[in-house]
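Enquirer: Please work out how this folds:
(chains A and B)
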2 protein chains.
Amino acid sequence: MTAQAPITVGIETGGGTWRFPADRPLRLDSGASLAPLEVAYKTYGKLNAEKTNAVLVCHALTGDQHVASNHPMTGKPGWWSLFVGPGLPLDTDRYFVIGTNVIGGCMGSTGPASIDPATGEAYGLKFPVITIADMVRAQAMLIEALGIETLFAAVGGSMGGMQVLQWAADYPGKLFSAVCIAAAARHSAQNIAFDEVGRQAVMADPNWCGGAYLKAGVRPEKGLAVARMAAHVTYLSEAALQRKFGRELRHDGLSWGFDADFQVESYLRHQGTSFVDRFDANSYLYITRALDYFDLAAAHGGVLAAAFVPARKVKFCVLSFSSDWLYPTVESRDIVRALNGAGCRASFAEIQTDKGHDAFFLDEPVLDQTLRGFLAAQAQARGLA
Amino acid sequence: MTAQAPITVGIETGGGTWRFPADRPLRLDSGASLAPLEVAYKTYGKLNAEKTNAVLVCHALTGDQHVASNHPMTGKPGWWSLFVGPGLPLDTDRYFVIGTNVIGGCMGSTGPASIDPATGEAYGLKFPVITIADMVRAQAMLIEALGIETLFAAVGGSMGGMQVLQWAADYPGKLFSAVCIAAAARHSAQNIAFDEVGRQAVMADPNWCGGAYLKAGVRPEKGLAVARMAAHVTYLSEAALQRKFGRELRHDGLSWGFDADFQVESYLRHQGTSFVDRFDANSYLYITRALDYFDLAAAHGGVLAAAFVPARKVKFCVLSFSSDWLYPTVESRDIVRALNGAGCRASFAEIQTDKGHDAFFLDEPVLDQTLRGFLAAQAQARGLA
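Expert: Numbering: from 1, shown residues only, chains lettered A, B, ... in the order given. Sure thing, here's the model as predicted:
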């Protein structure tokens, strides 16, 4: 087991790629296993002597370990820079914040673009289908490798929230508190439908090459861009789109053609084209598949509360956004009901905002205050200064 | 001007393609014109001697003139068979029902797959961008050609409802009553965004060939199927998808791959692949463009009520569905508010249903009763037996 030397860029204090030896494979829900396993991560802040201040930040579908440091490919601030840093809700003066790329991803953790040791070529579609539980199992291996027995908190939005729930179900003894934002305990038919549209868009691109595009030296950029565009609409509320763009035109008058006449078209096209520069198409397929397979109750006899019974000592905070129609509040209420049914302590808030699902990483003062308050109370309970 | 001889299939009583001579062009909002213009139509029931019982049914994005007779390509019943026929709300024993394919369409009316007289080849992207008002102008030419001075009613759902509103604004003197179902007076930013996703999906397909696929002897089937899948999700409510499909699997257990594991995936794929057999990809581009350009208020100084002032004698019925998130009830309320502001008589109902936008052509008893009641009352006012 080796880790790259810590590098300090801005508030980043460490990180690298943890390479587990071939004899420590990651066992997958499918029955397959992955070896050698690599898990990419970044850390912010310092682990205290008691190792009790570690916060794992779990990322969403297209996120990564670059939580609060500049993204190496886009140069943009990390996706949760508004919430992770000195004096911010995930206060790096107080907590040791760990961001880690999920397996199946494309930012350093083992994924479909990684080299398959059996062939010496990129896995492509030979990569095994993974689950949210598999992602969490890899994270638990990393946390153990870092010498951390118990996380002060696991925190995440969207798919990150699902990982948090899975942590509570699978590693309740390693978790002091858990924050699940804008998530659900299972993917609905509509969630699956939108994911399938995205997958079909990728697979419709002839440059996808049945998943072997890396070998062919091409990339299914157009298909992946369409997938991203379709998904992006679901991340915003209708009200937010109307407020930001309405029917505003890019130029005076209509073009009477198929160029981007409306600002919202131009915005969406940009979302699509910029995404393909930083994301792997097969990772998009595998991670959406993991999302669709996610159904925490199903693994516990169909009773969600049963998943949480072992987590009675974990303190939960469940948050939803009033205008999130991808993972609407009713899904968070179902989680809270199950937590209550299991006898867990759970705070819940529906945050009023028109920003839709993506509110979890946007400038949303009530989210800031709620996260800050919950974590501060838990820090006191945990005896963190 | 020639029309094909009426053919009688089931309740169909006539129809064909009305060919306007080259010296009777259709003037378009863009400044261009279309000539020679062809307008395909079907009729059901009989025009009375006074020619006062004609009902124009305006179709939605992917609909056509086959309102209540079998579709010639799919063999399936017409898209509004549940509502048009003897004893049905649009009672063909009483009314002369006219279905007509919009211009820009692909079922016989002049569209991008028609032959451009300037080149002798299919228009492709040389077809001019059209508007909802252009569609309605062509319909008015057809109605006049059929010898009908005044429609007893114009009725339509979704884009059909927009055409109804446009009829009221542009031809108020030719309209006795108007039924606008599940529509809006303009496309919202979210509507435009979803349409743009569909267009980009079509245009991402290399078989689209810059619009010249007919000449190339190919068809952008994969791109069009993705567009249809993305759109289809917006036609259903989350509740309907959950009720119909939930997380039901197609087979015992998961496939651990990218085949259609879930029933909802299989359903969506079928929607995509069956659609491309009956629809032209460029028509999809042009008609969605017409939808996005639609903004009835904009053509009247930004005041929607101003569009309806000349229509004070028209009796309106505006209907929405509680679970329609594509054209939500608030959009219908805006229409009703403008109608009231213009001094028009308007009935309004939000029909409670979980069927989403597509409820307008599904078995929806309250819609049946409401349409039946409104039209019967108007028929009495109009002096129809």
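Enquirer: In three-state terms, label the closest residue in space to residue A:204 that isn't next to it in sequence for me.
Expert: Leaving aside its chain neighbours, residue A:204 sits nearest to residue B:222 (3.7 Å; criterion: C-beta to C-beta, 6 or more residues apart in numbering or on different chains). No exception for glycine: its C-beta is placed from N, CA and C like everyone else's. Three-state assignment for residue B:222 (DSSP: H, G, I helix; E, B strand; the rest coil): helix.
Enquirer: Can you report how many residues neighbour residue B:222?
Expert: 25 (other C-beta atoms under 10 Å in any protein chain shown).
Enquirer: Would you verify that residue A:119 is located in a strand?
Expert: No: read with three-state DSSP, residue A:119 is coil and lies in no strand.
Enquirer: Next, find the distance separating it from chain B.
Expert: Between residue A:119 and chain B the computed distance is 18 Å (C-beta to the nearest C-beta, to the nearest Å).
Enquirer: so what pLDDT did the nearest residue to that residue once chain neighbours are set aside get?
Expert: Using C-beta to C-beta, 6+ apart and skipping the chain neighbours, the partner closest in space to residue A:119 is residue A:126 (7.3 Å). Note for residue A:126: predicted pLDDT of 98.
Enquirer: Same check on residue A:4?
Expert: Residue A:4 carries a pLDDT value of 44.
Enquirer: cool, the one 3 residues further on as well?
Expert: On the pLDDT scale, residue A:7 is placed at 40.
Enquirer: before we move on, what about residue A:13?
Expert: For residue A:13, the model assigns a pLDDT of 87.
Enquirer: What residues does it make contact with?
Expert: A:6, A:43, A:44, A:45, A:46, A:92 (C-beta atoms under 8 Å, 6 or more residues apart in numbering or on different chains).
Enquirer: List the contacts of stretch A:142-152.
Expert: A:1, A:3, A:18, A:20, A:39, A:41, A:47, A:51-56, A:95, A:98, A:100, A:167, A:173-177, A:378-379, A:382, A:384.
Enquirer: Show me which residues of that stretch are buried.
Expert: A:142, A:143, A:145, A:146, A:148, A:151, A:152 (16 or more other C-beta atoms under 10 Å in any protein chain shown).
Enquirer: Equivalent analysis for stretch A:285-302, please.
Expert: Using 16+ other C-beta under 10 Å as the test for burial, stretch A:285-302 gives A:285-297, A:299-300.
Enquirer: near chain B at all, it?
Expert: Yes: using C-beta under 8 Å from any C-beta of the partner chain, stretch A:285-302 reaches chain B at A:285, A:289, A:292, A:293, A:295, A:298.
Enquirer: neighbours around residue A:376, how many?
Expert: 14.
Enquirer: ok, now the one 5 residues further on?
Expert: Residue A:381 is flanked by 11 other residues according to other C-beta under 10 Å.
Enquirer: isn't it right next to residue A:345, touching?
Expert: No: counting by C-beta atoms under 8 Å, residue A:381 sits too far from residue A:345 to count as a contact (10.5 Å).
Enquirer: Now residue A:225: closest residue in space that isn't a chain neighbour?
Expert: residue A:272 (3.2 Å).
Enquirer: my read: that neighbour touches residue A:230, true?
Expert: No: in this structure, residue A:272 is not within contact of residue A:230 by C-beta under 8 Å, at 9.1 Å.
Enquirer: neighbour-wise, which of the two wins?
Expert: Legend: neighbour count by other C-beta under 10 Å for residue A:272 and residue A:230, higher for residue A:230 (30 against 25).
Enquirer: Just the ones of the contacts of residue A:13 in helices?
Expert: Within the contacts of residue A:13, no residue falls in helices by DSSP state H.
Enquirer: List the buried residues for the longest helix seen in chain A?
Expert: Selection of the longest helix in chain A by residue count, based on DSSP H, yields helix A:365-382. Within helix A:365-382, the residues that count as buried by 16+ other C-beta under 10 Å are A:367, A:370, A:371, A:372, A:374, A:375, A:378, A:379, A:382.
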